[in-house]
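Undergrad: Could you work out the structure for the sequence below:
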Amino acid sequence: MDAGFGILGFGLFLLSIAHFYARSGQVFGGLIFLLSLVALGYAFSESHNRRVVAMGLGAAMAVVGIVSVAVGAPLWSWLLAFVFAAAFALLWAELRFPDFFEREEYQERLPVHHGPPHGTRRKRSISRMRRFEQRDQNRRRT
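TA: The predicted model follows:
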């Protein structure tokens with residue numbers, strides 16, 4: 001599951017409901033509702049086209065924002081359309097450049113794998129014995 005698509009799709013769904021209740025942009029509400037269904041559908045998808053869909057949804061929301069400014073829709077309508085366009089563009093960037101968005105702090109907190117779990121126990125005990133022998137020899141020399 002891709003949480004970015006899920007959260008943004010749910011946000012678009014709420015924005016479309018706000019358009020329907022405000023009765024200021026029924027067409028915008030319907031279009032945003034369709035875009036939210038696409039985003040929520042790709043939230044549970046394992047498709048390799050998620051990056052393309054994220055950029056397409058961002059471009060569609062930018063077009064919705066530009067058209068709503070041109071038509072004279074309320075401020076919250078086109079402002080949120082541009083916010084969602086930027087959010088989908090950021091989601092596209094995260095899918096396009098995954099190495100840039102990975103956090104090193106998270107990698108440091110992961111458990112360290114010390115090799116295969118079976119078949120090396122005897123070797124470890126021999127190396128420990130050698131370390132103890134070397135330590136004892138160094139103590140005897142001093």
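
Undergrad: Give me the neighbour count for Arg130.
TA: Residues lying near Arg130 (other Cβ atoms under 10 Å) number 10. C-betas here are computed from N, CA, C, even on glycine.

Undergrad: That one sits in which helix or strand?
TA: Assigned by DSSP states H and E, Arg130 belongs to helix 121-141.

Undergrad: What sits closest to Phe5 if chain neighbours are left out?
TA: Counting by Cβ to Cβ, 6 or more residues apart in numbering, Phe5 lies nearest to Ala43, which is 3.8 Å off, once chain neighbours are set aside.

Undergrad: so the one you found makes contact with Phe13?
TA: No. With contacts counted by Cβ atoms under 8 Å, Ala43 stays clear of Phe13, the gap being 11.5 Å.

Undergrad: and the helix holding Arg130, what's its mean pLDDT?
TA: Helix 121-141 shows a mean pLDDT of 70.

Undergrad: what's the answer for stretch 39-53, then?
TA: For stretch 39-53, the per-residue pLDDT averages 81.

Undergrad: Now do that stretch: distance to the chain's middle.
TA: Here the centre of stretch 39-53 is set off from its chain's centre by 12 Å, with Cα atoms, centre = their mean, to the nearest Å.

Undergrad: and if you look at stretch 80-92?
TA: Distance, centroid of stretch 80-92 to centroid of chain: 13 Å (Cα atoms, centre = their mean).

Undergrad: Please apply the same query to stretch 82-102.
TA: Its chain's average C-alpha position is 8 Å from that of stretch 82-102, according to Cα atoms, centre = their mean.
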